[in-house]
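> What follows is a predicted structure for the sequence shown.
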Amino acid sequence: MKFGHVSWLPQTEVITKLIEGLKQGKLLGTKCSKCGAKYLPPRTQCKCGSHEMEWYEAPTKGKLITYTTVTSPPDSMAKYAPYTVAVAELEDGSRLLAQITGVTPQTLQVGLPVQVVPRQISQDRIAYEFKPLSS
Amino acid sequence: MTEKVAVVGVGHAKFGKRTDVTIRELAHEAVKPALEDASITTAEIDASVIGVAEDVFAAQASPSALIHDYVGMGNKPSFRVEAACATGSAGVRTGWSLIKAGLAEVVLVVGAETMTHVGTPMATEWMARADDTRWEYPFGITFPGLYALMATRHMHEFGTSRMQLSMVSVKSHKYGALNPFAHSQKEVTLNEAMNSVPICQPLNLYDCCLISDGAAAVVMASEERARKISDTPIWITGLGCASDTMMIAERPNLVGLAASQTAADQAYKMAGVTPNDIDVANTHDCFSIAEIMSYEDLGFCKKGEGGKFIEEGQSYIGGKLPVNVDGGLKSKGHPLGATGVSMTVEIVKQLRGEAGKRQVSGAEIGLTHNVGETGQYCFVHVFKR
């Protein structure tokens, strides 16, 4: 299983674990055992220099910080266009970039409550995406 | 060791879709007038610094080595700098450093890029890969898309309008039409700019810089050599440089570039000036929103008032602080490696009073602001007559 709409990088440990989590409906990040810094998406080394990282389950609820609808995609994404990419802030304050679906130009707005959910893009590709939080 | 470093020669190639040349001839087209302007030959130059951002665009690995050889620098010391869209300014900073360190007295700095030769889809593809290819690129975010994310947020927080974004483009094209080296030399109306093809909402075609081929070159010298070479040396009095996270989602603030603010603070402090002292500036307007944020980040106006700044005409000649009166990246073009050097050429010409129809009357202090990617690199330089 590969991550995202387009990628060619090797399937490293972070990708494998993140995908395992997504399949179970979980959003996994890593936390530094030394300084406590949290990373979502996950890293195997901390910016403080430590390699002692542990996995944690990140909150999946948040709100939209910003968004853009891409109508002029790079070649590699042409078959998916138009699509909307957004940044959301989750309940613990961490921020994530992903596509958002399930919105219309009328409902798409800054501050929209969203949930991070797994998205099976194709048979061999998976990612996470934002969806409006059903009330 | 020299106290001061000056620019003593400038040269600029014609920016545009240049299928009549490869990167070597294009670079030479900028180097030749720079040497003539300084009235020196390559024999009197101690070293070169060559900026090219992307090998794929030139279809040549180490294009810098090719340029160094082609322009006749022989066996002189040379190396390449790369800082994405800020490559050219990284070259100027490096040239300054070599001279200050005493490793050279006279340095040739060249910035060059061919981008149209590979076609727009491949250029778009490679620029998109300048974002984090593991965690952000796989979602289809593009380079205009990253700035569009900032535009949406800026509009949300400050009420910056679609019309204000387009006003930046109208200004760029007005001045680009007066610049013989500019890629696009035609004016656009506000109506045309507002109603062009959407690229990444809220940005449309006229909010985005052109994909261009181009080159620019400057000769820099120590104080002693500068005074011998030139009657009008333009001194680099302040330099600032900062960086930021690779992932845009990791930033707490999306209505400006923190690296621009930090680099500007350093440059102003070193030069002993404030934003009010700047007479003319070239700022990084890869997208209309980028120019609006630059007004704010560089202190030309308060945060959130960049839209009002362009709407009031403050960045036109005759306004509070003329910005990008060479057409900017938008109209002049943005051949990545060339851009920072091109900005330097423009400010030097302005401070010498040689900018012709685009001259800012009596300009004594100028500024360049060059951003790589979305602030992963940022350089601010202050120049004085």
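Perfect, I can see it now.

> Identify the residues contacting A:Ile126.
A:Ile126 is in contact with A:Met1, A:Lys2, A:Phe3, A:Ile19, A:Leu22, A:Lys23, A:Pro118, A:Arg119, A:Gln120, counting by Cβ atoms under 8 Å, 6 or more residues apart in numbering or on different chains. For every residue, glycine as well, the C-beta is placed using N, CA and C.

> try B:His381
Contacts for B:His381 (Cβ under 8 Å, 6+ apart) come out as B:Ser89, B:Val92, B:Arg93, B:Ile236, B:Gly238, B:Leu239, B:Gly240, B:Ala267, B:Thr344, B:Leu367, B:Thr368.

> buried stuff in stretch B:288-306?
Using 16 or more other Cβ atoms under 10 Å in any protein chain shown as the test for burial, stretch B:288-306 gives B:288-301, B:303-306.

> Now chain B against chain A: closest residue?
B:Pro138 (2.4 Å; Cβ to the nearest Cβ).

> That residue contacts A:Leu18, doesn't it?
No. Taking contacts as Cβ atoms under 8 Å, B:Pro138 lies outside contact range of A:Leu18: 11.9 Å.

> Pull up the overlap in contacts between the two.
A:Phe3.

> can you map out the helices along the stretch 1-150 of chain B?
Applying DSSP state H, counting those that start in this stretch to the stretch 1-150 of chain B gives helices spanning B:23-38, B:55-58, B:63-70, B:87-101, B:120-128, B:143-158.

> Mean pLDDT lowest where, among the ones you listed?
In terms of average pLDDT, helix B:120-128 trails the rest of the helices of the stretch 1-150 of chain B, at a mean of 84.

> Just the residues contacting that helix, thanks.
By Cβ under 8 Å, 6+ apart, the residues outside helix B:120-128 that reach it are A:72-76, B:54, B:56-57, B:115-116, B:118, B:137, B:141-143, B:211.

> Narrow the residues you listed to just the buried residues.
A:72-74, A:76, B:54, B:57, B:115-116, B:118, B:137, B:141-143, B:211.

> picking that back up, narrow the contacts of A:Ile126 to those in helices?
Secondary-structure check on the contacts of A:Ile126 using DSSP state H: residues within helices are A:Ile19, A:Leu22, A:Lys23.

> So which of these wins on neighbours?
In terms of neighbours by other Cβ atoms under 10 Å in any protein chain shown, those top out with A:Leu22 at 21 neighbours.

> Could I get the contacting residues of whatever residue of chain A ends up closest to chain B?
Using Cβ to the nearest Cβ, A:Gly4 is the residue of chain A that sits closest to chain B, at 2.4 Å. Residues in contact with A:Gly4 (Cβ under 8 Å, 6+ apart) are A:Ile121, A:Arg125, A:Ala127, B:Tyr137, B:Pro138, B:Phe139.

> Now do the first one: how many residues are near it, please.
Going back to what we said before, that points to A:Ile121. Here the number of neighbours of A:Ile121 (other Cβ under 10 Å) works out to 17.

> same deal with B:Pro144?
Neighbours around B:Pro144, by other Cβ under 10 Å: 26.

> ditto for B:Glu29
By other Cβ under 10 Å, 20 other residues sit near B:Glu29.

> circling back: between the contacts of helix B:120-128, which is nearest A:Lys131?
B:Ile141 (18.3 Å; Cβ to Cβ).

> OK, contacts around that closest one?
B:Ile141 is in contact with A:Val70, A:Val85, A:Leu97, B:Ala128, B:Asp131, B:Leu149, B:Ile248, counting by Cβ under 8 Å, 6+ apart.

> Just put the residues you listed in CSV and tack on distance to B:Pro77 and neighbour count.
As requested, those are exported to CSV (distance: Cβ to Cβ, whole Å; neighbours: other Cβ atoms under 10 Å in any protein chain shown):
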residue, distance to B:Pro77, neighbour count
A:Val70, 44, 25
A:Val85, 44, 25
A:Leu97, 42, 27
B:Ala128, 35, 24
B:Asp131, 34, 24
B:Leu149, 42, 26
B:Ile248, 37, 25
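
> so which helix or strand takes in B:Ala217?
strand B:214-222 (DSSP states H and E).

> Quick check: what element follows that strand along the chain?
Where DSSP H and E defines the elements, the next helix or strand beyond strand B:214-222 is helix B:223-229.

> following that following helix, which helix or strand shows up next?
Taking DSSP H and E, what comes next after helix B:223-229 is strand B:234-242.

> what's the span of stretch B:303-317, first residue to last?
22 Å (Cα to Cα, to the nearest Å).

> Repeat that for stretch B:316-328.
End residues of stretch B:316-328 are separated by 12 Å (Cα to Cα).

> ok, and for that stretch, which residues are buried?
B:Tyr316, B:Ile317, B:Lys320, B:Leu321, B:Pro322, B:Val323, B:Asn324, B:Val325, B:Asp326, B:Gly327, B:Gly328.
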